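Student: got a predicted structure plus its sequence, pasted below:
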Amino acid sequence: MLHLIIHTFEHSIIDTVKLIPFLLVVFVILEYIEHSMNNKTSAIIEKSGKVGPLIGGALGAFPQCGFSAMATNLFGSKIITMGTLVAVYLSTSDEMLPIMISQQSSISKVLTIVLLKAAFGIIVGFIVDLIFKPSPVNISNIESMCHDEHCNCKHRSPFVSALHHTIHIIVIIMLVTFALNFAIELIGEDTFASMVQSAGIFAPIVAGIIGLIPNCAASVIITQLYISGTITLGTTMAGLLASSGIGWVILFRVNKNLKENFKVMSIVYISAILCGILIDMLKITL
């Protein structure tokens, strides 16, 4: 048991440390916006928000869940729209891309899946922004974050305040990541794999649920099952589209609007399984 705890702790540290640069950068951006916010800055942010899903879907395609962490913090301060956040979550590749490359999957297959995820994320993102009209940028959203964490940002340099926020959220991420890694180690990845394998026509639904687990193990399990030929492309896409890494943990930490958080989660999950079911119905393979 002690060996398991040490092993889990080591992996949790590695997973968490990788996020520090992304979180620090985004908090510096937020601090800069707060200290220099004016009508011109607000207009630029609102204008860029119209193409946010396109940018979010493109950035999310990179094999690093740090982009979902960045986007989540920006959404929590209402700097980006819900559609942009959804686009990032759906397109995030997490561990899928490096695993497929390491298993010598064809470049064309890897790129096709990445592009499918990004394209689907962008489309759904724009639809979300059409349905749920983005609210105007308001500096009070950033100020409320500082107030909640008692960081005294107005009397500190932007970098020092950003470092304060980063350390604060990294501690929470570390604790949650350790708990999830420990639980997955105890239950076993084989158990999750067998759940998907035995789900039959409901496999995309089950894969989507596993994908929602805020841990890289979700995308690892789904990807390995696909590479081994155990699950279909549709089931794979459902799991990978729903897999947004640690983003869910940060979302519920930085955004106090629980109704909005569950709305984002529902949109990501439902759109992911619908995409997976459609792909299987059309019998698309790679």
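Tutor: That came through fine. Numbers count the residues shown, from 1 in each chain.

Student: helices or strands up against the one helix or strand I184 maps to?
Tutor: Secondary structure from DSSP states H and E places I184 in helix 158-187. Counting contacts by 3 or more CB pairs under 8 Å, 6 or more residues apart in numbering; DSSP states H and E, helix 158-187 packs against helix 2-17, helix 20-36, helix 140-149, helix 216-227, helix 247-254. Glycine gets a C-beta too; all of them are placed from N, C-alpha and C.

Student: please report the distance of T72 from I173.
Tutor: With the distance defined as CB to CB, to the nearest Å, T72 ends up 11 Å from I173.

Student: what's the answer for T16, then?
Tutor: 5 Å.

Student: remind me which residues of the stretch 101-250 of the chain are low pLDDT?
Tutor: Scanning the stretch 101-250 of the chain for pLDDT under 70 picks out 135-158.

Student: what comes up buried for the helix holding I184?
Tutor: 158, 161-166, 169-170, 173-174, 176-178, 180-182, 184 (16 or more other CB atoms under 10 Å).

Student: how about the residue most central in space within the chain, nearest residue that isn't a chain neighbour?
Tutor: Centroid check for the chain by CA atoms, centre = their mean gives S244 as the closest residue, at 3.1 Å. Once flanking residues are discounted, S244 sits nearest to Y89: 4.0 Å by CB to CB, 6 or more residues apart in numbering.

Student: so who does that neighbour touch?
Tutor: Counting by CB atoms under 8 Å, 6 or more residues apart in numbering, Y89 touches G60, S68, A71, G121, S244, G247, V264, V268.

Student: go on, G57?
Tutor: Listed by CB under 8 Å, 6+ apart, the contact set of G57 reads A87, V88, L90, S91, A118, A119, G121, I122, G125.

Student: check Y269 too.
Tutor: Contacts of Y269 (CB under 8 Å, 6+ apart): G208, I209, L212, A242.

Student: buried set for the helix or strand where it lies?
Tutor: Using DSSP H and E, Y269 falls within helix 258-281. For helix 258-281, a neighbour-count test (16+ other CB under 10 Å) marks 261, 264-265, 267-269, 271-277, 279-280 as buried.

Student: ok, the residue nearest to the centre of the chain touching P214?
Tutor: Yes. Counting by CB atoms under 8 Å, P214 is a contact partner of S244 at 7.4 Å.

Student: any idea how far L85 lies from I222?
Tutor: Taken as CB to CB, the span from L85 to I222 is 22 Å.

Student: for G66, same thing?
Tutor: 20 Å.

Student: do A207 as well
Tutor: 6 Å.

Student: which residues are in contact with each of the two?
Tutor: Common neighbours of A207 and I222 (CB under 8 Å, 6+ apart) are V196, I231, T235, T236, G239.

Student: and the helix holding Y269 with helix 247-254, angle?
Tutor: Relative orientation of helix 258-281 versus helix 247-254 (axes from the mean of the first three to the mean of the last three CA atoms, to 10 degrees): 160 degrees.

Student: can you show me the CA trace of helix 258-281 as CSV?
Tutor: Extracted C-alpha coordinates of helix 258-281, given in CSV (Å, rounded to 0.1, in the frame of the first residue of the first chain):
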residue,chain,number,x,y,z
LEU,A,258,-22.7,25.9,-10.6
LYS,A,259,-25.7,25.9,-13.0
GLU,A,260,-23.4,27.3,-15.7
ASN,A,261,-20.7,24.7,-14.9
PHE,A,262,-23.2,21.8,-15.3
LYS,A,263,-24.5,23.4,-18.5
VAL,A,264,-21.0,23.3,-19.9
MET,A,265,-20.5,19.7,-18.8
SER,A,266,-23.8,18.6,-20.3
ILE,A,267,-23.1,20.3,-23.6
VAL,A,268,-19.7,18.6,-23.8
TYR,A,269,-21.0,15.2,-22.8
ILE,A,270,-24.1,15.1,-25.0
SER,A,271,-22.3,16.5,-28.0
ALA,A,272,-19.5,13.9,-27.6
ILE,A,273,-21.8,10.9,-27.4
LEU,A,274,-24.0,12.2,-30.3
CYS,A,275,-20.8,12.5,-32.4
GLY,A,276,-19.7,9.0,-31.4
ILE,A,277,-23.2,7.5,-32.1
LEU,A,278,-23.3,9.2,-35.5
ILE,A,279,-19.9,7.9,-36.5
ASP,A,280,-20.8,4.4,-35.6
MET,A,281,-24.2,4.7,-37.4
